[in-house]
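Student: Whatever this is, show me its structure:
(2 chains)
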There are 2 protein chains.
Amino acid sequence: MMARKITHDEEGPYVIDEDELEEQGGTVAVCQCGLSANKPHCDGSHHAVSDEDDGVVYEYSDDDDEGERTVVSDD
Amino acid sequence: MMARKITHDEEGPYVIDEDELEEQGGTVAVCQCGLSANKPHCDGSHHAVSDEDDGVVYEYSDDDDEGERTVVSDD
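Tutor: The predicted structure is shown next:
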């Protein structure tokens, strides 16, 4: 399984309503990889995880658009 | 700032559409605290973060519904 540790500092949910769905053309893509700079919306950052190794947990640098990362555990 | 490290293993976004919005009564609440067991949907788990200390980064146990947590950094 691919995995990474993401720091969250929000204290409550983001509510998506009809207006937002319309603004975004009928669908809203929600970030699940954790790397989007525009959370909770997807910004395509998940492409950076495609070459993660199975069984390894990474941390990604916040300031680095090139997806620099370190290994934090390797089972 | 309150904060916690959350392990993500998803590799792409979750797409919310009109049908889901209807099913959920017109709004969808998306987890931002990172603790929901029903991600990307909010399940109310964010209540566990209300007594986090500022400037401390926590990790929460996955298996513990009581929100047991450890301090991983304290600036």
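Student: which ones are touching the residue lying closest to A:Met1 once chain neighbours are set aside?
Tutor: Once flanking residues are discounted, A:Met1 sits nearest to B:Asp9: 5.2 Å by CB to CB, 6 or more residues apart in numbering or on different chains. Heads up, the C-betas are built off the backbone N, CA and C, glycines and all. Shown in contact with B:Asp9 (CB atoms under 8 Å, 6 or more residues apart in numbering or on different chains): A:1-4.
Student: quick one: which of those is most hemmed in?
Tutor: A:Arg4 (23 neighbours; other CB atoms under 10 Å in any protein chain shown).
Student: and the residue nearest to the spatial centre of chain A, what element?
Tutor: Against the mean C-alpha coordinate of chain A, by CA atoms, centre = their mean, the closest residue is A:Gly34 at 2.2 Å. Here A:Gly34, judged by DSSP states H and E, is contained in no helix and no strand.
Student: pLDDT-wise, which helix or strand of chain A ranks last?
Tutor: Ranked by mean pLDDT, DSSP states H and E, the weakest helix or strand in chain A is strand A:69-74, scoring a mean of 92.
Student: what residues does it touch?
Tutor: Contacts of strand A:69-74 (CB under 8 Å, 6+ apart): A:4-5, A:48, A:55-61.
Student: Could you pull out the strands in chain A for me?
Tutor: A:3-8, A:14-17, A:27-30, A:56-60, A:69-74 (DSSP state E).
Student: Chain B versus the nearest residue to A:Asp75 once chain neighbours are set aside, what's the distance?
Tutor: What sits nearest to A:Asp75 in space, not counting adjacent residues and going by CB to CB, 6+ apart, is A:Gly55, at 4.8 Å. To chain B, A:Gly55 is 11 Å away according to CB to the nearest CB, to the nearest Å.
Student: Buried ones among the contacts of strand A:69-74?
Tutor: Among these, those buried by neighbour count (16 or more other CB atoms under 10 Å in any protein chain shown) are A:4-5, A:48, A:56-60.
Student: Out of these, which comes closest to chain B?
Tutor: A:Lys5 (4.7 Å; CB to the nearest CB).
Student: Would you mind confirming that the closest one makes contact with A:Glu59?
Tutor: Yes - contact status for A:Lys5 versus A:Glu59: in contact at 5.1 Å, counting by CB atoms under 8 Å.
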